[in-house]
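Trainee: turn this into a structure:
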Amino acid sequence: MSFTAEVKDELSRVGGSCEQCSYAQLSAITRVCGTMSFHGSGRYSIRISTETGAVARTMIKLTHELFDLETPLTVRHSNLHRTRNYLIEIPEQDELEEDLVRLGILVPGKGLSAGVPMQLLERECCRRAFVRGAFMAGGFIADPRGDFHLEIAVTGEELAAGIVGLLDGLGVSARLNHRRGSYAIYLKSFDEIVVLLRAMGATRCAQVVERVRHMKSLKNDVNRRVNAELANQARSSGAAVDQLQLISDAERFVGFRSLPPALREFCLMRRANPDMSLAALGARLTPPASKSAMYHRVLRLQRIVDEACGGKKAPGKHR
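Mentor: Numbering: from 1, shown residues only. Have a look, this model is predicted:
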C-alpha cells in the first residue's frame with residue numbers, strides 16, 4: 001500500500017466533531033472527484049471515480065447516512081496497471097437537486113457553485129472536514145522516506161483558491177500551481193505537512209512522517225561526521241607526508257645533532273609514527289605537548305631548514 005493510500009485509509013476512519021462535518025466532507029469529495037450531468041430542469045446525476053477503496057467506502061457511507069440516495073457501485077480492474085477503479089453512480093432521483101443544494105454544490109437559481117460552500121464551514125471542525133474530504137478525493141503525499149511533498153488536485157480556480165484559504169486558516173501556507181486545466185495545491189515543508197495531517201485527523205501517519213524525518217536527520221548528521229572525519233584524516237595524512245620530507249631536509253642540510261632537543265624529539269617521534277596526527281603525536285611526548293605546540297615546532301624546524309639552505313626554502317611544501 002502506498003503512503004497516500006495509508007493516509008486516506010486513516011482519514012476514512014475519522015469522524016466529524018459535529019453533524020455538519022459529514023456534510024462538509026461529502027461536499028468536498030463530490031466536488032473534487034465527481035462529475036455532474038444535467039438532464040433537464042431540476043434533473044441531475046453524478047459519477048464519482050476513484051482508485052482508493054477508502055474514498056469509495058466513505059462516499060457511499062456518507063451518502064446513505066445523510067440522504068439515503070441510490071449509489072450503485074462498479075469495480076473495474078486494470079490488468080495493465082494492476083489497480084482497481086471504483087465508479088459510484090448517483091442516478092437521477094427526485095431528492096438529488098435538494099441534496100446538492102444542501103451540500104453547497106448547487107446554488108438555487110444560479111447553478112453550480114464555483115467556490116467552497118462557506119455556509120457549511122462556519123466551524124473550524126467543518127473546515128477541517130472539508131479539507132479532509134478534498135484530500136481524500138484528490139490528494140497525494142509522497143513517501144516521506146523520499147521527498148516531503150503533499151498536494152491536492154482540483155478543477156476550478158475558485159475552488160482551489162478557496163481551499164488554499166481554508167488551509168491558511170489551519171496554519172498551513174500552501175502554493176497553487178495551474179496544470180493543464182486543473183490546479184495543484186501543494187506543500188513541500190515538512191512542518192506544514194505534519195500540521196495538515198494532524199488537522200485532517202491523520203495522527204498516526206503524521207507520527208510516521210515525524211519518525212522518518214528524525215531518522216533522516218540522524219543519518220545526515222552521521223554522514224556529516226563521517227565526511228568531516230575522512231577529510232581530517234586526509235589532511236593529517238598529507239601534512240604528515242610533508243613533515244617527513246621536512247625532517248629528511250633537516251637531516252640533510254642541518255643534521256639532527258645540531259637541532260634543539262625539542263625539535264630533535266619531534267623528528268624522531270614523527271618518523272616512528274608517520275600516520276599519527278599532530279595532536280596524537282604531542283600526547284605521546286614526555287611531558288605531553290599540545291597540537292599548537294607541535295605545529296610551532298614544525299614551523300620552527302622549517303625556518304631552520306630554510307636558513308640552512310641560504311635563505312631559500314628547501315624543496316617541497318611543508319605543513
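Trainee: only C-alpha atoms for contact and neighbour calcs from this point on.
Mentor: Fine.
Trainee: where does the chain have low pLDDT?
Mentor: Along the chain, the model assigns pLDDT under 70 to residues 78-82, 217, 233-234, 236, 311-319.
Trainee: could you pull out the strands for it?
Mentor: Here the chain has its strands, by DSSP state E, at 34-38, 44-50, 73-78, 83-90, 106-107, 111-112, 139-141, 150-154, 175-179, 182-187.
Trainee: can you redo the ones you listed as TSV with mean neighbour count and distance to residue 228?
Mentor: Below are the strands of the chain laid out as TSV (neighbours: other Cα atoms under 10 Å; distance: least, Cα to Cα, whole Å):
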stretch	mean neighbour count	distance to residue 228
strand 34-38	14	55
strand 44-50	19	49
strand 73-78	12	51
strand 83-90	17	47
strand 106-107	17	63
strand 111-112	12	61
strand 139-141	22	34
strand 150-154	23	34
strand 175-179	14	37
strand 182-187	20	33
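Trainee: next, format the ones you listed as JSON lines and append distance to residue 208.
Mentor: Below are the strands of the chain laid out as JSON lines (distance: least, Cα to Cα, whole Å):
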{"stretch": "strand 34-38", "distance to residue 208": "31"}
{"stretch": "strand 44-50", "distance to residue 208": "25"}
{"stretch": "strand 73-78", "distance to residue 208": "30"}
{"stretch": "strand 83-90", "distance to residue 208": "25"}
{"stretch": "strand 106-107", "distance to residue 208": "39"}
{"stretch": "strand 111-112", "distance to residue 208": "39"}
{"stretch": "strand 139-141", "distance to residue 208": "13"}
{"stretch": "strand 150-154", "distance to residue 208": "15"}
{"stretch": "strand 175-179", "distance to residue 208": "24"}
{"stretch": "strand 182-187", "distance to residue 208": "17"}
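Trainee: and of the ones you listed, who's closest to residue 11?
Mentor: Evaluated with Cα to Cα, the strands of the chain place strand 139-141 nearest to residue 11, the distance being 11.6 Å.
Trainee: direction included, what does that closest one pair against?
Mentor: strand 150-154 (antiparallel) (DSSP bridges).
Trainee: what segments of the chain are helices?
Mentor: Listed in chain order, the helices of the chain (DSSP state H) span 3-11, 19-33, 53-66, 96-102, 124-138, 157-169, 190-200, 203-253, 261-272, 278-283, 291-308.
Trainee: hmm, who's touching the shortest one?
Mentor: Contact with helix 278-283 is made by 236, 269-270, 273, 288-291, 294-295, as judged by Cα atoms under 8 Å, 6 or more residues apart in numbering.
Trainee: how does this structure divide into domains?
Mentor: Domain assignment for the chain, taken from automatic domain parsing, gives 3-201, 225-308.
Trainee: out of the strands of the chain, flag the one nearest residue 249.
Mentor: Within the strands of the chain, the stretch nearest residue 249 is strand 182-187; the backing value is 62.8 Å (Cα to Cα).
Trainee: list the contacts for residue 267?
Mentor: Per Cα under 8 Å, 6+ apart, neighbours of residue 267: residue 247.
Trainee: next one: it from residue 274, what distance?
Mentor: 10 Å (Cα to Cα, to the nearest Å).
Trainee: sorry, back to before: of all the strands of the chain, which one is nearest residue 205?
Mentor: Ranking those by proximity to residue 205 (Cα to Cα) places strand 139-141 first, at 10.7 Å.
Trainee: centre of the chain to the closest one, how far?
Mentor: Relative to the centre of its chain, strand 139-141 is centred 12 Å away, using Cα atoms, centre = their mean, to the nearest Å.
Trainee: what lies in contact with it?
Mentor: Applying Cα under 8 Å, 6+ apart, the contact partners of strand 139-141 are 3-4, 148-153.
Trainee: number of residues surrounding residue 65?
Mentor: Residue 65: 10 surrounding residues under other Cα atoms under 10 Å.
Trainee: please apply the same query to residue 165.
Mentor: Neighbourhood size, residue 165 [other Cα under 10 Å]: 15.
Trainee: and for residue 276?
Mentor: Neighbours of residue 276 under the rule other Cα under 10 Å: 17.
Trainee: and what of the one 4 residues further on?
Mentor: If you count neighbours by other Cα under 10 Å, residue 280 ends up with 16.
Trainee: tell me how far it lies from residue 294.
Mentor: Going from residue 280 to residue 294 by Cα to Cα gives 10 Å.
Trainee: and residue 115, by the same measure?
Mentor: 74 Å.
Trainee: more neighbours: those two, which one.
Mentor: The neighbour comparison of residue 115 against residue 294 (other Cα under 10 Å) goes to residue 294, with 21 against 17.
Trainee: contacts only, for that one.
Mentor: 266, 278-279, 282.
Trainee: which of the contacts of helix 278-283 are buried?
Mentor: 236, 269-270, 289, 291, 294-295 (16 or more other Cα atoms under 10 Å).
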